[in-house]
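1. Compute the structure for the input listed below.
(one chain, ligands or ions: 1)
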Amino acid sequence: MPCCVIRSCSSDSRWFKKSSGITFHRFPKNPEKRKAWLEFVNRHKNWKPSQFSSICSKHFLEKYIDRTSLCLVRLRDNAIPTLHRFQSTTECSCSEMSKTLTVENLKIVSLDVKDVRFPTSLQADGSDAMHTDPDYSCAYVTIKLGTGLEGYGLTFTCGRGTEVIVAAVESMKNLVIGQVVTDIYKEFGVFWRSLTSESQLRWIGPEKGVTALATAAIINALWDLWGKLVNKPVWQLLADMEPEQLISCIDFRYLSNVITKEEALELLKKGKEGREERMNKLLEKGYPCYTTQAGWLGYSNEKIQQLAQKYMDAGFTAFKVKVGKNLKDDVNRLEYIRNVIGWDKTLMVDANQVWEVQEAIDWMKVLAPFKPLWIEEPTSPDDVLGHAEIAKALKPLGIKVASGEMCCNRVLFKQFLQTDAIQYCQIDSARIGGVNEILPVYLMAQKLGVKVVPHAGGVGLCEMVQHLQMWDYVSLSGTSEGKWVEYVDQQHEHFVHPTVIENAHYMAPRAPGYNTEMKKEALEGYVYPNGKEWESMFAKGLFSDPRKSKK
Ligand SMILES: C[C@H](O)[C@@H](O)[C@@H](O)[C@H](O)C(=O)O
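-> Alright, predicted model coming up:
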């Protein structure tokens, strides 16, 4: 199965249907012609084409292509490739790609990672029963190509520990630097596995915890870069892919008892029906969201009431509230919020893993009169059977179970979905190993009929995850009925292309990439612990300076 040997071209016979008109042509045997082809390919001097090496028809003028035979497209004898040496016609139209690209400048020349923290604990923004004082933070990765083009990716953290992710990214650097990005994108699933299954590094995972978070930051940066190279927002890049190409981004290892590549391919092909209409609707109306901004646990009831009103006025119809610390307080809080939003709006509650299984059931029975749609993370994020037990017990009360923001990988997601342990699947754009590992979770959820309602309570999570849900809407599940993307109104001002919300809908991003680039001033201010803002907060005594406490 050939793929085109031109380095900036993504043509691969596995991704293109015959009807696409793209054909693949082997190197001529005639030494002179062969030399002309090799000059065009412009690989290093020892590179030799194998008997299967091919160049695709996109690189030949039409006059060189002989389409007279009904079953075979041939090249004419004098055919020499001359077109699009540095550009793939199906995908690359941005100014970056029209610069003269060589293998050298498509290489990844550097990978930088920063520890960026915001002092959200000062206002209890983002607080819940388990994470009582989070400082919204991230490990922020910048991947640079020889052209100078940069891709940005991040993984969300709560403050302390970000330095550990930074160290893990540093340990993975050598697996990334020096790679030619277009080679990565040709077999992205294979590259993904090379990061997550490195023979020594995998021991400290495997595929979970710190290494998975570090993988997510790197992978997210590569998707941002890909979007920029082809001049598309990531949701559209995904939505425009042929099913075969999308499948090539996925590592299906350990999933075949629930979904095979062939089944995934069928789902994606089916998902294409009605795609244009949905794309137009998305561009016009956006994708619905709910907000958690009125419901952080550290907020007073007055603040909750005031914020709930603010978001009601902005058109929100679904609200999530934190619970789980004290039952009496929870009853009080839910009363407050129902008073503002009324009973026709949707209410969700989230315990962030604080309960034992039976405790979750008992607690939720008391909160049931407030008609919550779901209880989120009632118990340990690893306890599949515990969630299933809770779901079964709460079903007669009309309360569903949601989880996923701390689900460690696709295999655990598989079990949650297989056992009906969750009725709402909360993928997180930075928790499992980035886009490539999230795609099969969407596919499994689609096959098993479970709604995906992404988690986004953290830095940059709204920016990224909107793309995935929009792709799902346009090209997989085809519906947003009864689904939302979470929206929290924090730290957006630090992004070059922040999310845009209108009438409680995420508007489809238009900028190329994954919306992950942070503003220069944000990095100058909040890189930890040397950023200007941090220096000033240490000086005011708001936080203790870790550099001093180490002495
Ligand atoms: C510490 C964080 O804010 C969490 O509370 C947050 O991600 C939350 O679980 C959510 O669902 O948004």
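2. can you map out the strands along the stretch 351-500 of the chain?
-> Applying DSSP state E, counting those that start in this stretch to the stretch 351-500 of the chain gives strands spanning 374-376, 400-403, 424-425, 451-452, 485-487.
3. To residue 74, which of these lies closest?
-> strand 451-452 (46.3 Å; C-beta to C-beta). Placement of C-beta: from N, CA and C, glycine included.
4. Show me the strands paired with that closest one, marking each as parallel or antiparallel.
-> strand 424-425 (parallel) (DSSP bridges).
5. what does the strand it pairs with rub up against?
-> 374, 376, 400-404, 413, 416-417, 441, 445, 450-453 (C-beta atoms under 8 Å, 6 or more residues apart in numbering).
6. what's the nearest residue to residue 67 once chain neighbours are set aside in contact with, if anything?
-> Nearest non-adjacent residue to residue 67, counting by C-beta to C-beta, 6 or more residues apart in numbering: residue 73, 5.6 Å away. Residue 73 makes contact with 23, 57, 65, 66, 67, according to C-beta under 8 Å, 6+ apart.
7. Check residue 125 too.
-> Contacts of residue 125 by C-beta under 8 Å, 6+ apart are 134, 136, 296, 490.
8. And for residue 487?
-> 289, 290, 291, 292, 293, 456, 462, 499, 501, 504, 506.
9. Could I get these in CSV, plus columns for pLDDT, neighbour count and distance to residue 279?
-> Shown next, in CSV, are those (pLDDT from 0 to 100; neighbours: other C-beta atoms under 10 Å; distance: C-beta to C-beta, whole Å):
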residue, pLDDT, neighbour count, distance to residue 279
289, 98, 25, 19
290, 98, 24, 23
291, 98, 24, 26
292, 97, 25, 28
293, 95, 23, 29
456, 98, 29, 22
462, 98, 28, 21
499, 97, 22, 19
501, 97, 20, 20
504, 98, 19, 21
506, 98, 25, 15
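10. Show me which of these is closest to residue 128.
-> Nearest member of those to residue 128, counting by C-beta to C-beta, is residue 292, at 9.2 Å.
11. Not counting sequence-adjacent ones, nearest residue to that closest one?
-> Going by C-beta to C-beta, 6+ apart, residue 292 has residue 320 as its nearest residue, at 4.3 Å.
12. Which strands or helices does the helix or strand where that neighbour lies pack on?
-> For residue 320, the host element (DSSP states H and E) is strand 318-322. Counting contacts by 3 or more C-beta pairs under 8 Å, 6 or more residues apart in numbering; DSSP states H and E, strand 318-322 is packed against strand 287-291, helix 301-313, helix 327-341, strand 346-350.
13. Any chance of TSV for the ones you listed, columns distance to the ligand?
-> Compiled in TSV, the helices and strands packed on strand 318-322 are given as follows (distance: least, C-beta to the nearest ligand atom, whole Å):
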stretch	distance to the ligand
strand 287-291	10
helix 301-313	14
helix 327-341	15
strand 346-350	5
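14. Please state the offset of stretch 363-374 from the chain centre?
-> 31 Å (C-alpha atoms, centre = their mean, to the nearest Å).
15. that older thread, need the helices and strands packed on strand 318-322 in a markdown table (columns: distance to residue 356).
-> Shown next, in a markdown table, are these (distance: least, C-beta to C-beta, whole Å):
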| stretch | distance to residue 356 |
| --- | --- |
| strand 287-291 | 27 |
| helix 301-313 | 27 |
| helix 327-341 | 14 |
| strand 346-350 | 17 |
